[in-house]
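Colleague: quick one, fold the following:
(2 chains)
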Number of protein chains: 2
Amino acid sequence: MNAEIITVGDELLIGQVVDTNSAWIGRELNKIGVEVMRIVSVRDLADEITGAVDTAMKRADVVLMTGGLGPTKDDITKQTLCRYFGTRLVFSEEVYRNVERLLKGRVAMNKLNRDQALVPEACTVINNRVGTASVSWFERDGKVLVSMPGVPQEMKTIMTEEIIPRLRKMFVSDLILHHTFLVRNYAESILAEYLSDWEDQLPENIKLAYLPKMGIIRLRLTARGRQGEGLEQRLDAECDKLRELLGSNIMGEGDAAAEGVLGDLLRSRGLTVATAESCTGGSVAARITSVPGSSDYFKGSVVAYANEVKLELLGVKEETLRAHGAVSEETVREMVAGVRRLMRTDCAIATSGIAGPGGGTADKPVGTIWIAAAVGDKICAMKQFSDRGREMNVERAGNNALLQLIGLIES
Amino acid sequence: MNAEIITVGDELLIGQVVDTNSAWIGRELNKIGVEVMRIVSVRDLADEITGAVDTAMKRADVVLMTGGLGPTKDDITKQTLCRYFGTRLVFSEEVYRNVERLLKGRVAMNKLNRDQALVPEACTVINNRVGTASVSWFERDGKVLVSMPGVPQEMKTIMTEEIIPRLRKMFVSDLILHHTFLVRNYAESILAEYLSDWEDQLPENIKLAYLPKMGIIRLRLTARGRQGEGLEQRLDAECDKLRELLGSNIMGEGDAAAEGVLGDLLRSRGLTVATAESCTGGSVAARITSVPGSSDYFKGSVVAYANEVKLELLGVKEETLRAHGAVSEETVREMVAGVRRLMRTDCAIATSGIAGPGGGTADKPVGTIWIAAAVGDKICAMKQFSDRGREMNVERAGNNALLQLIGLIES
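Modeller: Residues are numbered from 1 along each chain as shown, chains lettered A, B, ... in the order given. Here you go, the predicted structure:
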């Protein structure tokens, strides 16, 4: 069984909004063994929507659409689907009551939100308990098309509570299993060469993919087959071989990012952590705390953008700032020791650099970022080079900081 | 002139990676008046790639592809394009030297990265100065297809330095102008009703779109026409009418997010800011510092995840925590006053809440987040309700905190 995703909205095509819905839907469909073959984003134009829907309905068993269901004039998905399926909009009392309930006490009923209760006659209407746009479930020749709102949290709620359970019931399909390894210390090409013998002997129904990102390579194994064919055992066996081949270069398994790997490590060793951040501006702390339950090991941070905060709160010496500047090995070492003392933690991370686009000098060009990690009194520091733009510089620094602390704890 | 984008990679379809390339490319093409009609993501399968390329070459003037150019076996875009364009891979001395230069001192040359120097014979090869995968520029019947690496920073560098200038030279096209307003205090349907008379009188070549996101609605006006037709003046005139209609409900213009609006406001008034964050974990500081030049007004933050940090650094009273708990109006008020004192800033933001999924109680369910803003001694606080998942709860709290401070400064 395979699926296609269609996301609708001018804002996606002009790049004002990144389509995060498709990735989320792809992930959820995979879990129930549905393979997404194609994602298409189209504008709020009837011909474009119809064209994409028609192609998808010919190719796929399931078509999931998001977007274009708002109350305003630019949203035309509902009307367009009516024409495609040869039906018309009718008033739904149930949807109307839902809209009323959601807007009660906040927004007055008017024509536009009353029109949210108009639904295609020839479909199953699924109420949206967290938003005013209802969901349309069409069936034709054993195929399914579902039109959902584009607001991510609404779409996620509906998918989880309504669509996934219905799809699971309706379609029998292959089992698809994934296992992912986070690998450090390798360039992609070197890793691929090292693993090529193993890769060549993989059974036909197990596939390998390389997903490199800023110093970490995700290796994803995908196994596909029928239930009861021992697929799980075969995948497990290949995972074991890979663990043997890569040893401690595997820094984590599963979908965890570096902050998840660090979290597991801190928890298993009973250690606590804090951060002192200049150029990363709190984003390392935000990444650490994005992991549920991180309050078990994360105590707090000082974002020290201004030098006076480095001096007063973190205890960086004036002499150090004068002699070496805020972006220096000496300063990040004092920052990391300072925040560990201040927050009374076992471990700490510190960053100080020039994120750009301004602020660079000949000596310290934009992209120069010093990073320190501490475990007890053991401190190590590294310098990150090369400018890839403010956002990437900060993200890379966060990655390097997390990797550095993970390495230092394990050493 | 119109374009289609094709992004290639299994990781996009199973949702392990969000396709951010397309939005970025869409934004850049729009700036030079190229309209993106469709974005398609396909798997690393020859038939899928060929199908998407063939359809796109029939519909669009320009086809921009990213992904599938890595050195490993799962990447097949180059080979597939060779078959589609009826050409073969040949060795490029120039690309080889580039690969050598990039890997020098870090990674040894092996067969896989040597193969990066194999390029399609019947295309213009553009060297990639920041990565080992070269760019292929194909032309056929006046149409262009460009195949670029999927690594975002490589693609961005190549697009900016090479592809955009070439496309601009090659194609004459309509002028497309955008102007965006950030509107607060309105539900989408109410705003649409309020603006409907104005919207109905818009000239045919000016289009309006609503992009609501967590309490802010972006209104985007798009004007399209030929150079020299006074398009700019007409768009300006409509923008003026909208400013008149919405007054101070417009909290910003352009592509700025709330953090950009706050930054402009702080700078123009000569004010400084700090944050004290519990449940938002540094993400508000990270958002404020994501704006280039934010060091002009942002001094620092205390992320106070542990209660002892709230007590010791921010001066929250033990009595307050005991009587009301960490998630309470009293606590965030003391936090915001405390961090303003500590960092000696004019303004401050504080957050404390239960981001979830764990930690909720009957009294304070998951999703309960208290937010305070301070300007001088003036403090206001608000409570955020409803649980939309950890990530969204934190993002919404950040948004509300920024909006609250903007409102307080303006009041």
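Colleague: what residue ranges in the stretch 1-150 of chain A score low on pLDDT?
Modeller: Within the stretch 1-150 of chain A, no stretch has pLDDT under 70.
Colleague: for the stretch 1-150 of chain A, which segments count as helices?
Modeller: For the stretch 1-150 of chain A, the helices defined by DSSP state H, counting those that start in this stretch cover A:10-13, A:21-31, A:46-59, A:77-84, A:93-103, A:111-114.
Colleague: mind putting these in TSV, distance to chain B and mean neighbour count included?
Modeller: To be clear about C-beta, it is placed using only N, CA and C from the backbone, and glycine gets the same treatment. Putting the helices of the stretch 1-150 of chain A into TSV (distance: least, Cβ to the nearest Cβ, whole Å; neighbours: other Cβ atoms under 10 Å in any protein chain shown) gives the following:
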stretch	distance to chain B	mean neighbour count
helix A:10-13	5	26
helix A:21-31	3	22
helix A:46-59	7	17
helix A:77-84	14	20
helix A:93-103	7	16
helix A:111-114	4	17
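Colleague: ok, which of those comes nearest residue A:205?
Modeller: Using Cβ to Cβ as the measure, helix A:21-31 is the one of the helices of the stretch 1-150 of chain A that comes nearest residue A:205, at 15.4 Å.
Colleague: who are the packing partners of the closest one?
Modeller: Secondary-structure packing of helix A:21-31 (3 or more Cβ pairs under 8 Å, 6 or more residues apart in numbering or on different chains; DSSP states H and E): strand A:2-8, strand A:35-42, strand A:62-66, helix A:152-158, helix B:10-13.
Colleague: circling back: any chance of the helices of the stretch 1-150 of chain A in CSV with distance to residue B:193 as columns?
Modeller: Listed next are those as CSV, based on distance: least, Cβ to Cβ, whole Å:
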stretch, distance to residue B:193
helix A:10-13, 21
helix A:21-31, 27
helix A:46-59, 23
helix A:77-84, 19
helix A:93-103, 13
helix A:111-114, 6
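Colleague: for those helices, which one sits closest to residue A:370?
Modeller: Nearest to residue A:370 among the helices of the stretch 1-150 of chain A is helix A:21-31 (33.7 Å), distances taken as Cβ to Cβ.
Colleague: quick one: residues in contact with that closest one.
Modeller: By Cβ atoms under 8 Å, 6 or more residues apart in numbering or on different chains, the residues outside helix A:21-31 that reach it are A:3, A:5, A:7, A:35-36, A:39, A:41, A:62, A:64, A:66-67, A:150, A:152, A:155-156, A:159-160, A:164, A:167, A:176, A:178, B:12-19, B:41.
Colleague: buried among the residues you listed? Need that as a selection in PyMOL.
Modeller: Of the contacts of helix A:21-31, the buried ones can be selected in PyMOL as follows, counting by 16 or more other Cβ atoms under 10 Å in any protein chain shown:
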select buried, (chain A and resi 3+5+7+35+36+39+41+62+64+66+67+150+152+155+156+159+164+167+176+178) or (chain B and resi 12+13+14+15+16+17+18+19+41)
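Colleague: which secondary structure state does residue A:321 sit in?
Modeller: helix (DSSP: H, G, I helix; E, B strand; the rest coil).
Colleague: what about the closest residue to residue A:188 other than its chain neighbours, helix or strand, and which?
Modeller: Excluding its sequence neighbours, the residue lying closest to residue A:188 (Cβ to Cβ, 6 or more residues apart in numbering or on different chains) is residue A:212, at 4.8 Å. Assigning secondary structure by DSSP states H and E places residue A:212 in strand A:206-213.
Colleague: what's in contact with that strand?
Modeller: Outside strand A:206-213, the residues that reach it (Cβ under 8 Å, 6+ apart) are A:188, A:191-192, A:195, A:199, A:202, A:217-224, A:234-235, A:238, B:10-11, B:16-17, B:44, B:70, B:72-74, B:151.
Colleague: so how far is the following helix or strand past it from its chain's centroid?
Modeller: Using DSSP H and E, the next helix or strand after strand A:206-213 towards the C-terminus is strand A:216-225. On the basis of Cα atoms, centre = their mean, to the nearest Å, strand A:216-225 sits 17 Å off its chain's mean C-alpha point.
Colleague: and strand A:216-225, what does it pack against?
Modeller: For strand A:216-225, the packing partners by 3+ Cβ pairs under 8 Å, 6+ apart are strand A:175-183, helix A:188-200, strand A:206-213, helix A:231-246.
Colleague: which residues does the closest residue to residue A:170 other than its chain neighbours contact?
Modeller: Nearest non-adjacent residue to residue A:170, counting by Cβ to Cβ, 6+ apart: residue A:144, 7.0 Å away. Residues in contact with residue A:144 (Cβ under 8 Å, 6+ apart) are A:61, A:62, A:63, A:137, A:138, A:167, A:170.
Colleague: any figure for the gap between residue A:144 and residue A:50?
Modeller: According to Cβ to Cβ, to the nearest Å, residue A:144 stands 18 Å off from residue A:50.
Colleague: over to residue A:226?
Modeller: Residue A:226 is 36 Å from residue A:50, by Cβ to Cβ.
Colleague: hang on, isn't residue A:299 packed against residue A:266?
Modeller: No: look at residue A:299 against residue A:266 with Cβ atoms under 8 Å: they stay out of range, at 11.0 Å.
Colleague: shared neighbours, these two?
Modeller: Residues touching both residue A:299 and residue A:266 by Cβ under 8 Å, 6+ apart: A:272, A:273.
Colleague: so which bits of the stretch 51-200 of chain A are right by chain B?
Modeller: Within the stretch 51-200 of chain A, the residues that sit near chain B (Cβ under 8 Å from any Cβ of the partner chain) are A:52, A:70-74, A:103, A:106-108, A:110-113, A:116, A:132, A:151-153, A:156, A:178, A:180, A:187-190, A:192-193, A:199.
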